[in-house]
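Undergrad: Any chance you could fold what I've pasted below:
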Amino acid sequence: LMLAAGLGRRLYGDENREPPKALLSFEGESLLHRHIMALKACGVEELLIVVGHRSEDVIAEAERIAPGGFIRFVYNPRYREGPILSLVCGAELLRSGSTVIFMDADVLYHPDVLQRLVQSQHGTCFVLDHEFQSTDDFVKVCLRDGQVVDFGKNLSGSYDLVGEWPGFMKMSPEIATKVADEVDQIISSGEVEGAYERAIQAVLHNETIGTFGFEDITGIPWIEIDYESDLKK
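TA: Numbers count the residues shown, from 1 in each chain. As a prediction, the model looks like this:
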């Protein structure tokens, strides 16, 4: 499940007409091209992309790279609002009874990041980097005694280690369903602004410690492209 609907406001501004960040190109290959090749190499069976801003461009690039039914698309008509409205577009997949790999589309990374996640023995799993890569607006994974105890931008409780989250995780069928249910509750409350990570955080807080595992990818190159400084880096 890949979120690729946003405007890229932090990179381009509110009135952006530039292509979506998933189409940013590095050494002749778009981020989307790199994602698709990495997913296929990991044995992922299907990719569902949530599109919005300039959706036809994302669809055209995806179909050029992977024709033949590997990719499905769902359109978020409210993509200018909170990103949780993109996450809810994947509810059918989250409730499908399958293991789900979740990913943001605006990350440049070595394929080992994804390989480590897919092959993890943990049914539900974050990847984390102890060396923070972003310049601002961190999403954190917090550990206490080697177990994940918190996740997100706004944290509570105590922890002894923290790492940055690159935007990828694996969800067991049970956790994926609970995330979908939590997203529905948030949207029903009308609180659509703010980070989608709060839905995942709420599920984590309600589960037994140890349900959410992690893979340490410190030292493997990656960067989330939110700002001009990230793009230059």
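
Undergrad: I would like the residues contacting the longest helix seen in the chain, please.
TA: When the chain is parsed with DSSP state H, its longest helix is helix 173-188. Applying Cβ atoms under 8 Å, 6 or more residues apart in numbering, the set of residues contacting helix 173-188 from outside is 84-85, 87-88, 90-91, 93-100, 123-124, 171, 192, 196, 198-200, 202-203, 206-207, 211-212. Quick note: C-beta positions are derived from backbone N, CA and C, even for glycine.

Undergrad: I'd like the distance from that helix to the chain centre, please.
TA: Centroid separation for helix 173-188 versus its chain: 15 Å, with Cα atoms, centre = their mean, to the nearest Å.

Undergrad: could you dump the helix or strand that comes right after it to PDB, C-alpha only?
TA: Downstream of helix 173-188, the next assigned helix or strand under DSSP states H and E is helix 197-206. Extracted C-alpha coordinates of helix 197-206, given in PDB (Å, rounded to 0.1, in the frame of the first residue of the first chain):
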ATOM      1  CA  GLU A 197       0.800   8.000  12.000                       C
ATOM      2  CA  ARG A 198      -1.500   8.700  14.900                       C
ATOM      3  CA  ALA A 199      -3.800   5.900  13.700                       C
ATOM      4  CA  ILE A 200      -0.900   3.400  13.800                       C
ATOM      5  CA  GLN A 201       0.200   4.800  17.200                       C
ATOM      6  CA  ALA A 202      -3.200   4.300  18.700                       C
ATOM      7  CA  VAL A 203      -3.200   0.700  17.600                       C
ATOM      8  CA  LEU A 204       0.300   0.200  19.000                       C
ATOM      9  CA  HIS A 205      -0.800   1.600  22.400                       C
ATOM     10  CA  ASN A 206      -3.700  -0.800  22.600                       C
END
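
Undergrad: Give the pairing partners of the helix or strand just after helix 197-206; include direction for each.
TA: Using DSSP H and E, the helix or strand that follows helix 197-206 towards the C-terminus is strand 213-216. Strand partners for strand 213-216, identified by DSSP bridges, are recorded as strand 125-128 (parallel).

Undergrad: List the buried residues in the helix or strand that the partner strand is followed by.
TA: Using DSSP H and E, the helix or strand that directly follows strand 125-128 along the chain is strand 140-144. Judged by neighbour count using 16 or more other Cβ atoms under 10 Å, the buried positions of strand 140-144 are 140-143.

Undergrad: and what of stretch 24-34?
TA: Going through stretch 24-34 with 16+ other Cβ under 10 Å, the ones that come out buried are 24, 30-34.

Undergrad: so how far is it off the chain centroid?
TA: Mean-position distance between stretch 24-34 and its chain equals 17 Å (Cα atoms, centre = their mean).
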